[in-house]
Structures are given as C-alpha cells and as structure tokens.
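S.K.: Can you look at this prediction? I've put the sequence above it.
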Amino acid sequence: TRYTKGQGQAVHSDAYPPAEPGREVEYLKGGGQRLAQCLVYLNDVPTEDGGATKFFHPTLNELAVQPKKGSALIFFPAFEDGTEDIRMMHSGETYVGDGQKWLA
C-alpha cells in the first residue's frame, strides 16, 4: 500500500464483521475471521512526516508505531473465538511528508 502526502486511514478495526445468521458456512469458506494482522513497513518515515500506526485503547497508552524500513507490526484484531478485540482499533495517521509511505 502506498500513501502520499495527505493520505491516511481513519480509526478502524481489521476484524471482519461476524457471519450473518444462517450464513456461517459461507463465511468460513471465505476464510472466516481475521485473527492476526501483520504490517511490514517498506521504508523509513521520519516522525515529523506523520504516518504512524496509532492505537487508541486506554490500555495501550496511545501506542504509535512509526514506520521503519524492514520492521513489522503484528497484532490480533479478534480473539480466538472470532469476537472483535476493540483494543486493536487503530488508524494510519496522515502522511505529511513530501515522499511516500509504503507498507505491505
């Protein structure tokens, strides 16, 4: 994913909505719930350029991960039973640099 100046992502969850009643088999055939998420940062982004991945739950003390080339951020947007973990709500803070932010 590439971000240029002024781009980012609003606060969101990477968990999928639960299956609709009666459609559980179809839901599971599509892969089911996302239990883990791995973001790999493909370039360095200086703090002054924004672009951090920021978590908002009070237990995470406003954790913000600044992109560093070759580093990875792994987190778990849902519990083992498929229930969304709201502590993992996060944003991609707006990138304000003149270059680009890349992640996979």
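M.R.: Nice, I can see it.
S.K.: hey, let's count contacts and neighbours off CA atoms from now on
M.R.: Noted.
S.K.: Going along the chain, name the strands of this structure.
M.R.: Assigned by DSSP state E, the strands in the chain fall at 2-3, 9-12, 37-40, 53-55, 64-65, 72-75, 90-92, 101-102.
S.K.: Lowest average confidence across helices and strands of the chain, where is it?
M.R.: helix 24-29 (a mean of 90; mean pLDDT, DSSP states H and E).
S.K.: What residues sit buried inside it?
M.R.: Residues of helix 24-29 include none that count as buried (16 or more other Cα atoms under 10 Å).
S.K.: Check stretch 91-103 too.
M.R.: 91-97, 100-103.
S.K.: Next: stretch 55-70.
M.R.: By 16+ other Cα under 10 Å, the buried positions in stretch 55-70 come out as 55-56, 64, 66-68.
S.K.: repeat for stretch 34-45
M.R.: Quick answer for stretch 34-45 (16+ other Cα under 10 Å): 34-35, 40-42, 45.
S.K.: which one in the chain is furthest away from the centre?
M.R.: residue 22 (29.2 Å; Cα atoms, centre = their mean).
S.K.: separation between that residue and residue 31?
M.R.: Residue 22 is 16 Å from residue 31, where distance means Cα to Cα, to the nearest Å.
S.K.: do the same with residue 40
M.R.: Distance from residue 40 to residue 31, by Cα to Cα: 22 Å.
S.K.: Could you do residue 11 as well?
M.R.: Per Cα to Cα, residue 11 is found 24 Å from residue 31.
S.K.: more crowded one of these two?
M.R.: Using other Cα atoms under 10 Å as the criterion, residue 11 and residue 31 rank with residue 11 on top: 15 against 8.
S.K.: Give me the pLDDT for the residue nearest to that one when sequence neighbours are not counted.
M.R.: Sequence neighbours aside, residue 91 is the residue nearest to residue 11 in space, at 4.3 Å (criterion: Cα to Cα, 6 or more residues apart in numbering). On pLDDT, residue 91 comes in at 98.
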